[in-house]
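**Q** sequence? don't have it. structure:
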């Protein structure tokens, strides 16, 4: 081999060694040592040791695995902690039309047409607050129930109709709304929504300017929701990707929740599925952190990760066990919380975490992780709801 070939291969060998260093996970002992210096334990599930800068954000996204009661409880407690410092609007990933009912119930004036539960710790916190200091619940996301039982969508539309100052208008609109349940195909629903919009518009002057805006947006949202449901289920071939439609309108509902938060001088906390906060692709959290000018640079995203303890110790909610999660398990116990800033972990250790599922090409997928220790027994998990 001549000298030129040798000189050619030296950089490749150096690059190869660097890549090996980047993608290789540290040993469990090394990880545990790193976490001892970076993991913030939250004794008695108190959040006082969280970064104080969190409250400076306009929006905080909480990414969860749906259906885990202990994660929900942690989210509620976090909302109460934040609300003790600054008013909070807590938005749940659900049907957008559930919003008015959640808002009314959380502020102490529930609507009889659609009873909704308010988490106990939030209800207790709100009982001690003035109207301005109460945590207001609301809903974000498209109107999924337009495809399913349609009941919640119908109740939502009736609630809007009830705000008209004209009894004649209310009766006419309500008569059209009850026909929603009859629409059982994409085309029927689309035609119906067009008629419904025309009915609302005929009486639009009987509504306040705020409700007029809500009507126009809701009609647009329902049409998009109908499209998403049928195309996403393969029941219709669409000209636009169904996930793009949901992404667009999910963001629009978050924008409206943000407007409500600004009106209350509050921080918006959004509880969503974990994929909606990942920064390595076009997630909703990334949109508000990078693209939406009112909140650009003022968004935090926190992933909630369950750690299970008990008869099946060491099992995590995901089959894709991450070494960071396993190391955190050794420092915690059932019923305990801890917080890890992913950027600080990397910066303070000088180590690459490109191998971790919590990072993308060595950049954090979200700002931090809230670990929640869950006691697991043969009969399931133990945790207050």
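**A** Ah, there it is. These numbers were taken from a predicted model, which means no experiment stands behind them. Numbers count the residues shown, from 1 in each chain.
**Q** name the helices or strands packed onto the longest strand seen in the chain?
**A** Taking DSSP state E as the criterion, the chain has its longest strand at strand 299-310. Packed against strand 299-310 by the contact rule (3 or more C-beta pairs under 8 Å, 6 or more residues apart in numbering; DSSP states H and E) you find strand 59-64, helix 69-83, helix 323-329, strand 368-377. (C-beta placed from N, C-alpha, C; glycine too.)
**Q** which of those is buried the deepest?
**A** strand 59-64 (a mean of 26; mean count of other C-beta atoms under 10 Å).
**Q** so what's the gap between that strand and the chain middle?
**A** 5 Å (C-alpha atoms, centre = their mean, to the nearest Å).
**Q** that one pairs with which strands?
**A** Using DSSP bridges, the strands paired with strand 59-64 are strand 267-273 (parallel), strand 299-310 (parallel).
**Q** got the angle for it vs helix 69-83?
**A** Angle of strand 59-64 versus helix 69-83, following axes from the mean of the first three to the mean of the last three C-alpha atoms, to 10 degrees, is 170 degrees.
**Q** in the stretch 1-150 of the chain, where is pLDDT below threshold?
**A** Scanning the stretch 1-150 of the chain for pLDDT under 70 picks out the ranges 1-23.
**Q** out of the strands paired with strand 59-64, nearest to residue 29?
**A** strand 299-310 (18.8 Å; C-beta to C-beta).
**Q** quick check: buried residues in that closest one?
**A** Within strand 299-310, the residues that count as buried by 16 or more other C-beta atoms under 10 Å are 299, 300, 301, 302, 303, 304, 305, 306, 307, 308, 309.
**Q** also stretch 246-258?
**A** Neighbour-count burial for stretch 246-258 [16+ other C-beta under 10 Å]: 246, 247, 249, 250, 251, 252, 253, 254, 255, 256, 257, 258.
**Q** which secondary structure element is home to the fourth one?
**A** Mapping residue 250 onto the secondary structure by DSSP states H and E places it in helix 242-263.
**Q** now for that helix, which elements pack on it?
**A** Using 3+ C-beta pairs under 8 Å, 6+ apart: helix 242-263 touches strand 88-93, strand 136-140, helix 209-232, strand 267-273, helix 284-286.
**Q** can you list contacts of that helix?
**A** For helix 242-263, contacts defined as C-beta atoms under 8 Å, 6 or more residues apart in numbering pick out 58-59, 87, 89, 91, 96, 99, 103, 136, 138-142, 217, 221, 224-225, 227-228, 231-232, 267-268, 270, 276, 282, 284, 287-288, 292, 294-295.
**Q** any of these buried? List them.
**A** Here, 16+ other C-beta under 10 Å leaves 58-59, 87, 89, 91, 96, 99, 103, 136, 138-142, 217, 221, 224-225, 227-228, 231-232, 267-268, 270, 276, 284, 287-288, 292, 295 buried among the contacts of helix 242-263.
**Q** now do the longest strand of the chain and strand 368-377, the angle between them.
**A** 20 degrees.
**Q** nearest residue to the middle of the protein?
**A** The centre of the chain sits closest to residue 272, judged by C-alpha atoms, centre = their mean, with a distance of 1.9 Å.
**Q** check contacts around that one.
**A** 61, 62, 63, 64, 93, 140, 284, 285.
**Q** recalculate using a threshold of 7 Å.
**A** 61, 63, 93, 284 (C-beta atoms under 7 Å, 6 or more residues apart in numbering).
**Q** now residue 305
**A** 325, 369, 371.
**Q** residue contacts, the last one?
**A** Contacts here follow C-beta under 7 Å, 6+ apart; on that basis residue 371 touches 305, 307, 328, 332, 337, 338, 340.
**Q** that one and residue 335: what is the separation?
**A** Using C-beta to C-beta, to the nearest Å, residue 371 is found at 12 Å from residue 335.
**Q** could you do residue 327 as well?
**A** On the measure of C-beta to C-beta, residue 327 and residue 335 end up 19 Å apart.
**Q** over to residue 344?
**A** From residue 344 to residue 335 the distance is 25 Å (C-beta to C-beta).
**Q** one more: residue 372?
**A** In terms of C-beta to C-beta, residue 372 sits 9 Å off from residue 335.
**Q** ok so, going back, can you redo the contacts of residue 272 as TSV, where the extra columns are distance to residue 359?
**A** Shown next, in TSV, are the contacts of residue 272 (distance: C-beta to C-beta, whole Å):
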residue	distance to residue 359
61	17
63	15
93	24
284	20
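**Q** if we can go back for a sec, can the contacts of residue 371 go into CSV with extra columns for distance to residue 209?
**A** Shown next, in CSV, are those (distance: C-beta to C-beta, whole Å):
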residue, distance to residue 209
305, 44
307, 49
328, 50
332, 51
337, 44
338, 47
340, 46
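**Q** nothing else from me, thank you.
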